[in-house]
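[1] Fold the following for me, if possible:
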Amino acid sequence: MKEILLSLLAGVIIGLVFKSLKLPLPAPPVLAGIMGIVGIFLGGLIFTQVVKLFS
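    Numbers count the residues shown, from 1 in each chain. Predicted coordinates for the structure are as follows:
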């Protein structure tokens, strides 16, 4: 839980800094970003299952 809160805090701080400097946010559009994270997670799961299957 501590990691989640620290990640959220870091994201908020970065967002504040970028907006205060009038820079675009360093993040993909919301849905694309979420789907990218889901894809990475699923890829990791698939890899683990394939390794278990062949070993």
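[2] neighbours of Ile14, just the number please.
    Burial of Ile14 is recorded as 13 neighbouring residues (other C-beta atoms under 10 Å). In this view, the C-beta of every residue, glycine as well, is placed from N, C-alpha and C.
[3] So for the protein, the centremost residue is which one?
    Central residue check for the chain by C-alpha atoms, centre = their mean: the C-alpha nearest the mean position is that of Ile37, 5.3 Å away.
[4] mind checking pLDDT for it?
    Here the pLDDT value assigned to Ile37 is 88.
[5] That one: which element?
    Using DSSP states H and E, Ile37 maps to helix 30-54.
[6] now that helix, how far from the centre of its chain.
    When C-alpha coordinates are averaged (C-alpha atoms, centre = their mean, to the nearest Å), helix 30-54 and its chain have centres 12 Å apart.
[7] for the chain, which spans come out with low pLDDT?
    Per-residue confidence for the chain (pLDDT under 70) gives no ranges below the cut-off.
[8] picking that back up, ok, so what distance separates the residue nearest to the centre of the chain from Val12?
    18 Å (C-beta to C-beta, to the nearest Å).
[9] so how far is Leu45 from the residue nearest to the centre of the chain?
    Distance from Ile37 to Leu45, counting by C-beta to C-beta: 13 Å.
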